[in-house]
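Peer 1: prediction below, plus the sequence it came from.
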Amino acid sequence: MGDPRQVMPEFKSVITKQEYARGVVSRRNFLKGLGVGAGAVAVGGLAACSPKDPAPAGGAGSAATGAAATDDLTPRWADPNVTVPGSFGPAAQISINDSFSQSWLEDAPGLTDADAAETIETDFLVIGAGVAGMSAALSARLENPSLRVTVIDKTSSYMVRGLVFGAVDATIQTEAGITYDREQIFLDWMKYSGNRANPLLVKKWLNESGAAYDWFAKVTTEVKSFTPRLEHWPTPALFDNSQEYYRQWNTGIEYTDPQGADIWATPGGVINELYDKTVREGVE
């Protein structure tokens, strides 16, 4: 049986491709740009590592890369005056929460190069050694093995929380017979959030989370095998999603064993396998 995503139409009825492209930087193009030249990264006491490995020393500082912004990549959803065509009519207006236009960064710390205890040369810097950070670093290295990839974190080890990976149309789900209505999930999400959710991010998750999980499952099972559980599946025989005000979508892939024990963040668990794979591929 082929990959169901090859015949699954991508959900794009609410946000157009043009609007979507304005708010998202292509990972492939970004990594290609980083191949131009290495940048200098000043770090301090932040390098991520396994509990069994010491963390490199350094000092907080700044990073520069060979990639330069050549276009205005301000997401269109951040502009409350933008009207986005879509399935709700030719002039549908997305409800924008004021927080979308606010900067999420706090005031700059005011550090200078003189505050750095050590300078490390790198091509690709990832800040934060969580699941997303390690995945980004590993993906960058696999995409371009010539890149020098560095991960830093404020702790001496990787950090993980939760036991569940949320995805739509991952192979493990489709093989179990789970089906999804992506447009209805999108509408439910926006309704439950009072239209405060970022529609571009919701759409991106709906369209790409299945492939993202398949990649994660592949890179974490090269040495060991894990059998995650599908949350709330199978559903009760008499359960009818169409009759529920709060519909249930079986998107959770839970990393616990049949007895409910954690196989996610424990020593020898799936996250440790992700870390080991990242190190084997040469991420620092």
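Peer 2: The structure has been received and is ready for your questions. Residues are numbered from 1 along each chain as shown.
Peer 1: what comes up buried for stretch 250-262?
Peer 2: Within stretch 250-262, the residues that count as buried by 16 or more other C-beta atoms under 10 Å are 250-256. Heads up, the C-betas are built off the backbone N, CA and C, glycines and all.
Peer 1: which element is the spatially closest residue to residue 185 that is not a sequence neighbour on?
Peer 2: Distances taken as C-beta to C-beta, 6 or more residues apart in numbering place residue 249 nearest to residue 185, at 5.5 Å, with adjacent residues excluded. Following DSSP states H and E, one finds residue 249 outside all helices and strands.
Peer 1: go on, residue 264?
Peer 2: Assigned by DSSP H and E, residue 264 falls within no helix or strand.
Peer 1: thought it was touching residue 271?
Peer 2: Yes - judged on C-beta atoms under 8 Å, residue 264 makes contact with residue 271 at a distance of 6.0 Å.
Peer 1: name the residues contacting each of these two.
Peer 2: Common neighbours of residue 264 and residue 271 are listed as residue 160 (criterion: C-beta atoms under 8 Å, 6 or more residues apart in numbering).
Peer 1: residue 179 versus the residue lying closest to residue 202 once chain neighbours are set aside, what's the distance?
Peer 2: Once flanking residues are discounted, residue 202 sits nearest to residue 189: 5.3 Å by C-beta to C-beta, 6+ apart. Separation of residue 189 from residue 179 (C-beta to C-beta, to the nearest Å): 17 Å.
Peer 1: how far away is residue 206 from residue 164?
Peer 2: Separation of residue 206 from residue 164 (C-beta to C-beta) stands at 17 Å.
Peer 1: count the neighbours of the residue nearest to residue 185 for me.
Peer 2: Neighbour count for residue 249, taken as other C-beta atoms under 10 Å: 18.
Peer 1: about what we covered before: of residue 189 and residue 179, who's got more company?
Peer 2: residue 189 (17 against 10).
Peer 1: and the helix or strand containing the more buried one, what does it pack onto?
Peer 2: Element membership for residue 189, per DSSP H and E: helix 182-192. Other elements packing on helix 182-192 under the criterion 3 or more C-beta pairs under 8 Å, 6 or more residues apart in numbering; DSSP states H and E are helix 199-219.
Peer 1: same for the next helix or strand after the helix it packs on, what does it pack against?
Peer 2: Heading C-terminal from helix 199-219, the first helix or strand you meet, by DSSP H and E, is strand 229-230. Contact partners of strand 229-230 among helices and strands, from 3+ C-beta pairs under 8 Å, 6+ apart: strand 252-254.
Peer 1: circling back: and residue 206 and residue 164? which has more neighbours close in?
Peer 2: Ranked by neighbour count (other C-beta under 10 Å), residue 206 and residue 164 place residue 206 first, with 22 against 15.
Peer 1: okay, the more buried one and residue 283: tell me how far apart.
Peer 2: 29 Å.
Peer 1: before we move on, the earlier item: and the helix holding residue 189, what's its mean pLDDT?
Peer 2: The pLDDT scores in helix 182-192 average 94.
Peer 1: that one: which residues count as buried?
Peer 2: Burial within helix 182-192, assessed by neighbour count using 16+ other C-beta under 10 Å, is assigned to 182, 185-187, 189-190.
Peer 1: got it, and stretch 273-284?
Peer 2: Neighbour-count burial for stretch 273-284, counted by 16+ other C-beta under 10 Å, picks out 273-275, 277-279, 281, 283-284.
Peer 1: in terms of pLDDT, where does the residue nearest to residue 185 sit?
Peer 2: 93.
Peer 1: any idea how far residue 239 is from it?
Peer 2: From residue 249 over to residue 239 the distance is 12 Å, taken as C-beta to C-beta.
Peer 1: ditto for residue 172
Peer 2: Distance, residue 172 to residue 239, using C-beta to C-beta: 21 Å.
Peer 1: compare the two (neighbour count), which wins?
Peer 2: Set side by side, residue 172 and residue 239 show more neighbours around residue 172, with 18 against 11, by other C-beta under 10 Å.
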